[in-house]
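[1] turn this into a model:
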Amino acid sequence: MKYRDYIIIFILFICVLFLNNYVSAGDCASIPWSDMKLSAQGGARGGEVVLRWKPVFFANHYSLVYGTRSKQYLYGGLDIGMENSNSYTVKSLKPGTRYYFKLSAGRDCIQGNVFSKEVSAVSRR
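    Alright, predicted model coming up:
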């Protein structure tokens with residue numbers, strides 16, 4: 001091999017490394033992780049519930065579903081947290097009412113479809 005061939009191989013290697021930092025079509029999927037250790041408790045102000053969770057590796061956003069009955073989710077929020085997020089305060093809830101929550105993690109181009117275990121909390125009066 002000539003010196004020029006080594007240069008071409010090196011440039012191709014750098015290109016492969018550089019392109020691997022971008023999201024590929026295979027990355028556009030939900031994060032297969034349901035044990036986010038989600039917890040919920042009444043917030044600091046009336047009508048609030050604070051959610052906390054263990055951040056999911058490779059996730060860069062989180063989504064939420066919730067409602068006033070177990071397994072019946074009427075409300076939700078997309079992109080409630082970024083890559084290193086581990087908490088979110090749900091506001092404007094009816095004070096003193098029990099709410100049920102589930103969280104999902106996603107990556108870039110698609111919302112997650114694997115949800116955490118359901119947790120519940122009473123919104124602060």
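[2] just give the closest residue to the residue positioned nearest the centre of the chain, not the sequence neighbours.
    Most central in the chain under Cα atoms, centre = their mean is residue 62, positioned 2.3 Å from the mean C-alpha point. Nearest residue to residue 62, sequence neighbours excluded (Cβ to Cβ, 6 or more residues apart in numbering): residue 81, at 4.1 Å. C-beta here means a position set from N, CA and C on the backbone, and glycine is covered the same way.
[3] and the gap between the one you found and residue 99?
    Between residue 81 and residue 99 the distance is 18 Å, computed by Cβ to Cβ, to the nearest Å.
[4] just name the shakiest helix or strand of this protein by mean pLDDT.
    helix 3-19 (a mean of 60; mean pLDDT, DSSP states H and E).
[5] could you look up the next helix or strand downstream of it?
    strand 39-42 (DSSP states H and E).
[6] can you give me the neighbour number for the residue lying closest to residue 73 once chain neighbours are set aside?
    Nearest residue to residue 73 in three dimensions, chain neighbours excluded: residue 65, at 3.8 Å (Cβ to Cβ, 6+ apart). The local packing of residue 65 (other Cβ atoms under 10 Å) involves 17 other residues.
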